[in-house]
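Undergrad: I need the structure of the sequence given here:
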Amino acid sequence: MDQLHEPQQLIQKIHHRKLVQQLLVYLIVSWAAFLSLATASAQDTPLTIRAGRLLDGLGGVAENVVITVEDSRIVQLDDASGPVDYDLTDLTLMPGWIDTHVHLAAHFNTQGRSNRDPDETPAQTALYATENAHRMLMAGFTTVQSLGGMVDRDLREAISRGSLPGPRILTSLNAVSVRSGTPDELRAMVRKLQADGADVVKIFASASIREGGIKLMSDQQLNAVCGEAREVGLRTAVHAYGTESLTAAIEAGCDSIEHGNRYSDEVLELMAEHGTYLDPHLGLLYANYFDNREKFIGIGNYTEGGFALMEEARVIGYDTFRRTLANPNVKIVFGTDAVAGAHGRNAEEFIYRVRDGGQDPMAAIISATSLAAESLGLADEIGSVRTGYMADLVAVAGNPLEDITSVRNVKFVMKNGVVYKNEAR
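TA: Numbering: from 1, shown residues only. Predicted coordinates for the structure are as follows:
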């Protein structure tokens, strides 16, 4: 009898899931319409902002600067007196921060676990990603690169239209790995990603650090992926650990190294010579995993042994980072590898890098502004407070050059000339 009822029960389950998905889509659209109406007027007329202290994203510091914004861009910088629309005299203003490595759709599910639920609907995943995007925008991140999945594309477009509040999104849509095929098959995959609207190609050259981070992709595979990406105008971001994997990726002409963690001084010279960007994930990544250990443990390679390897990598990572800082020609950008539990906490990485890693505060800020923009191919649009640039701005209480923990106190966020947060009272 139970078997006779199974088809009907399955039909009812599918019908219920479709209704839930339709409801969630309706909620997203309704929320988007409300927010669009709430923020659209912010771009209609020029507005002015007074910064008590301005860090321009390029290493410059200025006091008492008035910024005029019109049609989403900065049109003037001066020291004029008089009333302004937003008086941030008591704050430090910077370009909107950029996180070059996040995972927008990663989240904890209703059971309080890192989500691997096969029954989660696409609409539910999209809602979680939307929540994560909003958290990061409110935390001062106006641009993120999500090295995730296909859900990122629709969210990217919705935010770009102004329908939803969130950071500017660049995405890989998918990832390339050793299992993706022969060099010719990899070239075809890169072309497919480009046709599907990817901004970057994510490459797994190494295993997870929880599996030792060993080299997986052959030199021929890396050459094929990075070479084809250059041909079609896509950047490449390579998940790589250790001297062998980093050397292969750099020599293949790949654009950025994600993680890195452990490598020789010769690799440092190679990165400097090739202009390869390095995106080390120093503190927040590991702190988030250990803070949320019970939400990850037992899932995939999140084992006791995997956590022990992460603890080892955390210690080695700081030593490697300090050695890397000694070579000023290595381009270190800001990324967090934000997964479930880390979205909205991205700025903590500033603190780990400065307090524990020994990075100069100004260098850390540049890594998340102009240098990060350069690594994304957006150096002429974002990452600096300059005339003609997009009006992406974040202001904090305090002076991060003197106390890096002030990055936790975000009081003002503007993206594309629209104010999304204003607690400057």
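Undergrad: where does this protein have low pLDDT?
TA: 1-44, 425 (pLDDT under 70).
Undergrad: try 50 this time
TA: 1-30, 32-42 (pLDDT under 50).
Undergrad: mind listing what the residue found closest to residue 401 once you drop the neighbours it is linked to in the chain touches?
TA: Sequence neighbours aside, residue 361 is the residue nearest to residue 401 in space, at 4.9 Å (criterion: CB to CB, 6 or more residues apart in numbering). For every residue, glycine as well, the C-beta is placed using N, CA and C. Contact analysis of residue 361 by CB atoms under 8 Å, 6 or more residues apart in numbering lists 350, 354, 400-402, 404.
Undergrad: top of these by neighbour count?
TA: Counting neighbours by other CB atoms under 10 Å, the top entry in the contacts of residue 361 is residue 350, with 26 neighbours.
Undergrad: wait, that residue touches residue 401, no?
TA: No. Using CB atoms under 8 Å, residue 350 is not in contact with residue 401, being 11.5 Å away.
Undergrad: could you count how many residues lie near the closest residue to residue 342 other than its chain neighbours?
TA: Leaving aside its sequence neighbours, residue 342 sits nearest to residue 288 (CB to CB, 6+ apart; 4.4 Å). Using other CB under 10 Å, residue 288 has 22 neighbouring residues.
Undergrad: may I ask which helix or strand encompasses residue 288?
TA: helix 284-291 (DSSP states H and E).
Undergrad: burial measure for the nearest residue to residue 385 once chain neighbours are set aside, as a count.
TA: The shortest distance from residue 385 to any non-neighbouring residue, by CB to CB, 6+ apart, is to residue 56 (4.6 Å). Using other CB under 10 Å, residue 56 has 22 other residues around it.
Undergrad: do residue 161 as well
TA: 10.
Undergrad: same deal with residue 282?
TA: 22.
Undergrad: make sure it is indeed in a strand.
TA: No. Counting by DSSP: H, G, I helix; E, B strand; the rest coil, residue 282 falls outside a strand, being coil.
Undergrad: how about the contacts made by it?
TA: Contacts of residue 282 by CB under 8 Å, 6+ apart are 317-318, 321, 349, 352-353, 356-357.
Undergrad: which of those are buried?
TA: 317-318, 321, 349, 352-353, 357 (16 or more other CB atoms under 10 Å).
Undergrad: secondary structure and distance to residue 134 for the residues you listed - can I get that in a markdown table?
TA: Shown next, in a markdown table, are the buried ones among the contacts of residue 282 (DSSP: H, G, I helix; E, B strand; the rest coil; distance: CB to CB, whole Å):
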| residue | secondary structure | distance to residue 134 |
| --- | --- | --- |
| 317 | helix | 30 |
| 318 | helix | 32 |
| 321 | helix | 30 |
| 349 | helix | 19 |
| 352 | helix | 24 |
| 353 | helix | 25 |
| 357 | coil | 29 |
